[in-house]
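# prediction below, plus the sequence it came from.
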Amino acid sequence: MVLYCLFAVPLFALFIVSYKLQAVSDAKRLWVQYSRGLLTFIPAYIIYLLIAGSVPLTYSYGGIFAYYLVHNGLYYVVVASLAYILLRQFSRDSDGGSVSEAFVFFAGFFTFASVLEIVRHFPYYDSFTLFLYPTIRLAVIAAIAFLLARAFDSNGWVRWLYLVIGLIFVAATALVPFFYVIHITVAAIAITLVLLIGSLLPYLVMAL
């Protein structure tokens, strides 16, 4: 059961990229992006430890949703996105708005996050930690990588539209732990599946 949490992200990245969703032949460049994502997570987590107490968990519907929105979604997605944008601006080996590059960067970033989840919750694992949260993470990687890459290729209001859609998607992921905590597990599972399928649809279209 722990294996899914540990290996879902890197195997998912390998599977998606292997389908040549974009014409990226330089495997070395993708590996560099994946490594950058891995390394970016370390300072991101250190900063998180310093500011985590600013949004405590309060046992109300709004408090539960806000806690998981910030701690499980918004913080890491925003930091990873900003890091990717900065690295892209100063990198000479970037392929511009490549979905593949963005995808492997986010996959690298969240690979360490997966390992951290196992360490933090040892030995008290539950179905959210082992299955739902890793699946949400896969959906976030796929969706945000696609939307961010498309935002780079767009101008004006279209660019902002992609970014707003990304924020809405991240907000929707907080519904999964919210429903899980209030013991409506069926809703948590259903939302997880909808988010995962929705995040993969653009890639399926690109692969056709």
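Nice, thanks for sending it over.
# after the helix or strand of the chain with the lowest mean pLDDT, which helix or strand is next?
Sorting the helices and strands of the chain by mean pLDDT, DSSP states H and E puts helix 2-18 at the bottom, at a mean of 81. Counting by DSSP states H and E, the next helix or strand C-terminal to helix 2-18 is helix 27-51.
# that next one packs against which elements?
Here helix 27-51 touches helix 75-90, helix 99-121, going by 3 or more Cβ pairs under 8 Å, 6 or more residues apart in numbering; DSSP states H and E. Yep, even glycine has a C-beta here, placed from its N, CA and C like the rest.
# tabulate these in CSV, adding columns for mean neighbour count and distance to V2.
Formatted as CSV, the helices and strands packed on helix 27-51 follow (neighbours: other Cβ atoms under 10 Å; distance: least, Cβ to Cβ, whole Å):
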stretch, mean neighbour count, distance to V2
helix 75-90, 18, 21
helix 99-121, 22, 6
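# can you put these in JSON lines and add mean pLDDT?
Shown next, in JSON lines, are the helices and strands packed on helix 27-51 (pLDDT from 0 to 100):
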{"stretch": "helix 75-90", "mean pLDDT": "88"}
{"stretch": "helix 99-121", "mean pLDDT": "86"}
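# which strands and helices sit next to the least confident helix or strand of the chain?
helix 99-121, helix 133-152.
# right, so of those helices, which gets closest to I165?
Ranking the helices and strands packed on helix 2-18 by proximity to I165 (Cβ to Cβ) places helix 133-152 first, at 5.8 Å.
# show me what contacts the closest residue to A44 other than its chain neighbours?
Take A44 and drop its neighbours on the chain: the residue closest to it by Cβ to Cβ, 6 or more residues apart in numbering is V79, 4.6 Å away. Listed by Cβ atoms under 8 Å, 6 or more residues apart in numbering, the contact partners of V79 are 40, 44, 47.
# could you rerun that using 10 Å?
Taking Cβ atoms under 10 Å, 6 or more residues apart in numbering as the contact definition, V79 lies against 40-41, 43-45, 47-48, 109.
# now list the buried members of those.
40-41, 44-45, 109 (16 or more other Cβ atoms under 10 Å).
# could you list the low-pLDDT ranges of the protein?
Confidence mapping of the chain against pLDDT under 70 gives the ranges 1, 16-26, 91-97, 207-208.
# just the CA atoms of the least confident helix or strand of the chain, as PDB, please.
Provided in PDB are the C-alpha atoms of helix 2-18 (Å, rounded to 0.1, in the frame of the first residue of the first chain):
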ATOM      1  CA  VAL A   2       2.900   2.400   0.800                       C
ATOM      2  CA  LEU A   3       4.300   1.700  -2.600                       C
ATOM      3  CA  TYR A   4       1.500   3.500  -4.400                       C
ATOM      4  CA  CYS A   5       2.200   6.600  -2.400                       C
ATOM      5  CA  LEU A   6       5.900   6.400  -3.000                       C
ATOM      6  CA  PHE A   7       6.000   5.600  -6.700                       C
ATOM      7  CA  ALA A   8       2.800   6.900  -8.200                       C
ATOM      8  CA  VAL A   9       4.300  10.300  -9.100                       C
ATOM      9  CA  PRO A  10       7.600   9.200 -10.800                       C
ATOM     10  CA  LEU A  11       6.000   6.300 -12.600                       C
ATOM     11  CA  PHE A  12       3.100   8.500 -13.700                       C
ATOM     12  CA  ALA A  13       5.600  11.000 -15.100                       C
ATOM     13  CA  LEU A  14       7.500   8.300 -16.900                       C
ATOM     14  CA  PHE A  15       4.300   6.800 -18.400                       C
ATOM     15  CA  ILE A  16       3.000  10.200 -19.600                       C
ATOM     16  CA  VAL A  17       6.200  11.400 -21.100                       C
ATOM     17  CA  SER A  18       6.800   8.100 -22.800                       C
END
